[in-house]
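In: Compute the structure for the input listed below.
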Amino acid sequence: MCGIAGIVALNANAPGPSRKALLRMLGTLAHRGPDERGLYRDERAGLAHARLSIIDIKSGQQPLNDAGGAAWIVFNGEIFNYVELRAQLISLGHHFHTRSDTEVLLKAYCAWGEAAFERMNGQWAVAIWDPSARRLVLSRDRSGICPLYICEHQGQLYFASEVKAIFAANPAIPRALDPVGIDQTFTFWSTVPPQTVFQGVREIEPGHVRSYARGEVRDHAFWTPRYPTSPDEHFSSDVDKIDAVRNALETATAFRMVRADVPVGSYLSGGLDSSLVAALGSRFAEGRFQTFSLRFTDAEYDETSYQRLMARAIASEHHELMVSRRDIAEAFPKVIYHTERPILRTAPVPLFLLSKLVRERGIKVVLTGEGADEMFAGYDLFREGKIRRFWGRQPSSTRRAALLKRLYPYISRSPVHTQAVALKFFGHGISAFDAPGFAHQPRWRSTSAIKRLFSDDMRGVASRADPVTELLDRLPPDFARWTSLAQDQYLETKTLLAGYLLSSQGDRMLMAHSVEGRFPFLDDDVVELANSLPDACKLRILDEKHVLKRVAQSQMPPEIVKRKKQPYRAPNALCFVDGGGSSYVDEALSRRSIRAANIFDPVAVERLHSKCRAHAEAGAADLSNFDNMALVGVLSTQLLFQQFVTDRPEGAHRIVLAVDADHQHASGAYA
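Out: Reported below is the predicted structural model:
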């Protein structure tokens, strides 16, 4: 993947793009594309590209122009079915001058218009500029793997893979945290696109196309998730379903292994998802296949034995990285610079450190198991929702309530360990078991408790609208006809997949060290297949990812297939109160800094910080869920404010360009 950016004048009175501004944008994106830089500029538009060379290394430079001169493109991502699309376009009379998927994407747009995106299987953020029509087209892949942001300021449109590039382009662009985005983050763990945490900055929604031409702005979805509204009749037996999932995953993994001109490695957590991806990936590797795993000095989070077992099973060249609490604390400010949003868990930090190891071992591309839990119902949240609905139909039943004990066995301070706590926490709102969002309400409610730390001004803004109500008011027309599990999966994907898992834990941590992530479970065909499966294929009674386990039986040791699910986690708030990163932590959480940002109440934050320090000094094994989320959330928000509002980072200016085309076209206006 790469970094893209650009500036477009939206009307005749707006200035054209500055070359210096485009170079500043590129400077902030150097980590996304260290191999080459390119610029295109005319009097109305400028495109910039920082390249990470993966496909067609010799001739795939960008910005790239259609041979007829009709349009220019900058593209971040991969189109995995570009070989098949290329053949179709050749049959229509198109001629190609490169072997790149970028040229295929551009010619597909020239041939089919915005409908071209419906034909693509891949991950992308793309900008296409047609000088003659003065049309800009922006698009983002279905799952939101590749980021793309926009900002309109004084008649100019700025777009980029990261917000920092937009801010670097023009110092006059206002920089402030958006209370609505902050409120969403402290409800869902993330903003819901197009909302961001920065005022005036919007995010292109996954599966959308947005165009600007002649004073008009059009934004529409070319894809939305679909689930069955009637009983499944597509498959005749369980064997057919298992075979279909196996074949789809094999094809998806093969595409992501062989359609690269550089070696591809794989992350390996020791769980079912990454182990299955690594097993399939090793079959398509040419030469040595490298796998990468995280280890933790805190035994609660460590999965070393399973990682090594799987690495031996596929005979990979295996690499391990040991991470301590101090490592997490020291890297945390850099991680927030890359996430460009608050986070409520430290889980992205070890992945940031792991991607550095991947790059040091000469790997530019890794497979990961992201998306399996969303597509095949792997989270405890789905099991929890099923148990609570079952209990809600007979709320007086102690036997039904006792099923809660099967949840969260891996959490040392799980709410199910104390019966009275479990009944109170999970029993809240139990009578509304058929309401939209029912399964997610406990998490949204516990996360929202952090808002008690908000400042008076922030609480006033947050009280004007409810993020949950706004989300549920925009549900798809067929939502009520889907099964409860499908509804839960949709909301999980809508609120957490793109905004947190694929961003803060995915793209941002990988690209911080110039590594591209590829996600077989988010292949378009795999997603469509998973969404079409009946619930029992995914969550059979309380057995999560049932069909994946059946597929995996022939691919890996039984110890991994049968092990209890242990989601990827990392040490949280204790990292910052046992001596790690104490200087910046104390400064970020000081009354002066808290008042300057005006998101949180200084006294409340001081009380929280003191409480966490006292627990650390007393040798506490861990903190409560609230204290963990609250301290990490407050600290990350404060660092975000310092780095993007107070410090105002700028891009580097001295850049060598591979493509540098300053084309002057006749003047004119959109309007």
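
In: C-alpha only now, for contacts and for neighbours.
Out: OK.

In: Model confidence for the residue nearest to residue 107 when sequence neighbours are not counted, exactly?
Out: Distance criterion C-alpha to C-alpha, 6 or more residues apart in numbering; nearest residue to residue 107, sequence neighbours excluded, is residue 66 at 7.0 Å. Per-residue pLDDT puts residue 66 at 83.

In: these two touch, right, residue 66 and residue 72?
Out: Yes: between residue 66 and residue 72 there is a contact at 6.5 Å, judged by C-alpha atoms under 8 Å.

In: Run through the stretch 251-400 of the chain and note the low-pLDDT ranges.
Out: Nowhere does the stretch 251-400 of the chain drop to pLDDT under 70.

In: returning to what we had before: got the contact list for the residue nearest to residue 107?
Out: Shown in contact with residue 66 (C-alpha atoms under 8 Å, 6 or more residues apart in numbering): 72, 103, 106, 107.

In: quick revisit: check the contact lists of residue 66 and residue 72 and give me the overlap.
Out: Here residue 66 and residue 72 share the contacting residues residue 106, scored by C-alpha under 8 Å, 6+ apart.

In: Residue 101 versus residue 90, what's the distance?
Out: To residue 101, residue 90 is 14 Å away according to C-alpha to C-alpha, to the nearest Å.

In: who's more crowded, those two?
Out: Neighbours were counted for residue 90 and for residue 101 using other C-alpha atoms under 10 Å; residue 101 has more, 23 against 12.

In: so what pLDDT did the residue most central in space within the chain get?
Out: Geometric centre of the chain, nearest residue: residue 502, 1.8 Å, by C-alpha atoms, centre = their mean. Residue 502 is assigned a pLDDT of 96 by the prediction.

In: Got phi/psi on it?
Out: Per-residue torsions, residue 502: phi -80, psi -10 (degrees, to the nearest 10).

In: Going forward, count from 44.
Out: Right, with 44 as the first residue, what we last looked at is residue 545.

In: returning to what we had before: among the contacts of residue 109, which ones are in helices?
Out: Secondary structure from DSSP state H places 146, 149, 150 of the contacts of residue 109 in helices.

In: Just the buried ones from these?
Out: Among those, the ones that count as buried by 16 or more other C-alpha atoms under 10 Å are 146, 149, 150.

In: tell me the mean pLDDT for stretch 121-134?
Out: For stretch 121-134, the per-residue pLDDT averages 96.

In: Can you mark which positions in that stretch are buried?
Out: Within stretch 121-134, judged by 16+ other C-alpha under 10 Å, the buried ones are 121, 122, 123, 124, 125, 128, 129, 132.

In: what does it contact?
Out: Contacts of stretch 121-134 (C-alpha under 8 Å, 6+ apart): 44, 144, 147-148, 150-151, 154, 163-167, 298-299, 302.

In: Ok, stretch 675-688 next?
Out: Counting by C-alpha under 8 Å, 6+ apart, 207, 218-220, 229, 376, 379-380, 383-389, 615-616, 628, 631-632, 636-637, 640, 643, 648, 692 sit against stretch 675-688.

In: how distant is that stretch from the center of its chain?
Out: Distance, stretch centre to chain centre, for stretch 675-688: 19 Å (C-alpha atoms, centre = their mean, to the nearest Å).

In: average pLDDT for it?
Out: The model assigns stretch 675-688 a mean pLDDT of 97.

In: Only alpha carbons, please: show it as CSV.
Out: C-alpha atoms of stretch 675-688 as CSV (Å, rounded to 0.1, in the frame of the first residue of the first chain):
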residue,chain,number,x,y,z
VAL,A,675,-5.6,4.8,28.3
GLY,A,676,-8.4,6.8,26.7
VAL,A,677,-7.6,10.1,28.5
LEU,A,678,-3.9,9.7,27.9
SER,A,679,-4.3,9.0,24.2
THR,A,680,-6.7,11.9,23.8
GLN,A,681,-4.3,14.3,25.5
LEU,A,682,-1.4,13.1,23.3
LEU,A,683,-3.6,13.6,20.2
PHE,A,684,-4.3,17.1,21.3
GLN,A,685,-0.7,17.9,21.9
GLN,A,686,0.6,16.4,18.6
PHE,A,687,-2.1,17.7,16.2
VAL,A,688,-3.6,20.8,17.8
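
In: was I right about residue 391 contacting residue 550?
Out: No: using C-alpha under 8 Å, residue 391 is not in contact with residue 550, being 10.5 Å away.

In: Confirm that residue 99 lies within a helix, as I assumed.
Out: No: assigned with DSSP: H, G, I helix; E, B strand; the rest coil, residue 99 falls outside any helix and is coil.

In: wait, it sits on residue 142?
Out: Yes: the criterion here is C-alpha under 8 Å, and residue 99 meets it with residue 142 at 5.6 Å.

In: Okay, strands next: where are they in the stretch 194-343 of the chain?
Out: Per DSSP state E, counting those that start in this stretch, the stretch 194-343 of the chain carries strands over the ranges 199-203, 244-246, 251-256, 259-264, 307-310, 333-339.

In: Does anything pack onto the third one? Which helices or strands?
Out: Think strand 251-256. strand 178-183, strand 259-264 (3 or more C-alpha pairs under 8 Å, 6 or more residues apart in numbering; DSSP states H and E).

In: Select, out of these, the one closest to residue 601.
Out: Set against residue 601 and scored by C-alpha to C-alpha, those come closest in strand 178-183, at 38.6 Å.

In: Can you tell me the strand partners of that closest one and which way each runs?
Out: strand 165-173 (antiparallel), strand 251-256 (antiparallel) (DSSP bridges).
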